[in-house]
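*Asks:* build the 3D model from these lines:
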Amino acid sequence: VLIVGGFAQKIKRAWRDKPFSLEQWREYKKQTFSPKVFQSKDEIDWADPINISAVIQNHQRANRLSIPILLVLGFGLAMASYYSYKRTEAFLAQADRSSGEVIELRQSELSDESSTMYAAVVAYSDRQGQHHRFVDSLSSNPPMYNRGQTVGVPYNRENPGDARIDRGAWNHWLSILLGSFGALFTTFALLSARKRSRVTASGFP
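*Replies:* Numbers count the residues shown, from 1 in each chain. The predicted structure follows:
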């Protein structure tokens with residue numbers, strides 16, 4: 001609609017009592033539809049060779065720094081993921097097992113006070129029949145558990161307060177999270193290095 005309306009306006013403006021000659025029509029068409037240059041290349045500040053060279057150098061410097069930084073982050077997160085995995089495995093291998101009940105959903109507000117998160121408060125009994133409770137380390141909205149729900153509880157027999165909810169394969173959620181980010185940063189670094197090597201091989205700086 002906009003294109004047709006604009007074209008109609010052009011025709012309306014071009015309409016005259018006296019028809020255009022062929023030469024006049026060509027000149028009018030050239031003035032109306034030809035590209036318009038408002039500022040030449042030499043007059044644009046950012047097209048100055050010195051400025052362009054400075055921008056290219058800054059871009060190359062940023063690329064040289066980004067690849068090792070991404071590799072360090074990726075390697076560091078991978079090591080943290082491995083450490084978290086081994087620590088969780090060691091805890092589960094030595095832990096006693098019990099069943100617990102979600103007795104409360106504890107609220108915690110985020111810093112922006114715009115959202116409320118809920119963490120399960122679990123009560124359980126150890127082998128000696130002593131009662132304990134703990135707050136789950138994960139909070140969410142909506143809650144992951146319901147009040148009154150029964151959950152599995154692995155706990156440290158020497159320190160029954162050190163307990164957690166048994167999530168099966170998701171007991172390693174922290175390792176999965178850290179490993180995913182580590183793999184992501186490493187992939188970005190390798191892709192950037194590959195792209196840089198191609199540019200260098202093609203003859204560009």
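*Asks:* hey, where'd the helices end up in the chain?
*Replies:* Counting by DSSP state H, the chain has helices at residues 2-14, 22-33, 49-94, 173-201.
*Asks:* so for the first one, mean pLDDT?
*Replies:* Yep, that's helix 2-14 we're talking about. If you average the pLDDT over helix 2-14, you get 62.
*Asks:* ok, and what's touching stretch 183-194?
*Replies:* With CB atoms under 8 Å, 6 or more residues apart in numbering as the test, stretch 183-194 has contacts from N63, S66, I67, P68, L70, L71, L73, G74, F75, L77, A78. Placement of C-beta: from N, CA and C, glycine included.
*Asks:* of those, which is the nearest to A120?
*Replies:* Closest approach between the contacts of stretch 183-194 and A120, by CB to CB: L77, at 27.6 Å.
*Asks:* how about the closest one, what does it touch?
*Replies:* Counting by CB under 8 Å, 6+ apart, the residues that L77 touches are L178, G179, F181, G182, F185.
*Asks:* repeat that for R164.
*Replies:* For R164, the contact set (CB under 8 Å, 6+ apart) comprises F134, D136, S137, V153, P154, Y155, N171.
*Asks:* filter those residues down to the buried ones, ChimeraX style.
*Replies:* Applying 16 or more other CB atoms under 10 Å to the contacts of R164, the buried members can be selected in ChimeraX as follows:
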select :134,136,153,154,155,171
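*Asks:* CSV for the contacts of R164, including pLDDT and distance to M117?
*Replies:* Shown next, in CSV, are the contacts of R164 (pLDDT from 0 to 100; distance: CB to CB, whole Å):
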residue, pLDDT, distance to M117
F134, 93, 17
D136, 90, 11
S137, 86, 12
V153, 94, 21
P154, 94, 24
Y155, 93, 24
N171, 87, 20
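*Asks:* in this protein, which strand has the most residues?
*Replies:* When the chain is parsed with DSSP state E, its longest strand is strand 96-109.
*Asks:* that older thread, narrow the contacts of R164 to those in strands?
*Replies:* Counting by DSSP E, the contacts of R164 place F134, V153, P154, Y155 in strands.
*Asks:* need these in CSV (columns: distance to A90).
*Replies:* Shown next, in CSV, are these (distance: CB to CB, whole Å):
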residue, distance to A90
F134, 19
V153, 17
P154, 12
Y155, 14
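*Asks:* just flag the most distant two among these.
*Replies:* Pairwise over the ones in strands among the contacts of R164, using CB to CB, the maximum falls at F134 and P154, 11.4 Å.
*Asks:* give the residues shared as contacts by the two.
*Replies:* A163, R164.
*Asks:* show me the shaky parts of the protein.
*Replies:* Applying pLDDT under 70 to the chain picks out residues 1-22, 25, 28-29, 32-52, 59-60, 62-63, 109-114, 199-205.
*Asks:* wait, which of the helices of the chain is closest to G100?
*Replies:* When the helices of the chain are compared by CB to CB, helix 49-94 sits nearest G100, at 15.8 Å.
*Asks:* could you check the angle the closest one makes with helix 173-201?
*Replies:* Note on geometry: by axes from the mean of the first three to the mean of the last three CA atoms, to 10 degrees, helix 49-94 and helix 173-201 are set 150 degrees apart in direction.
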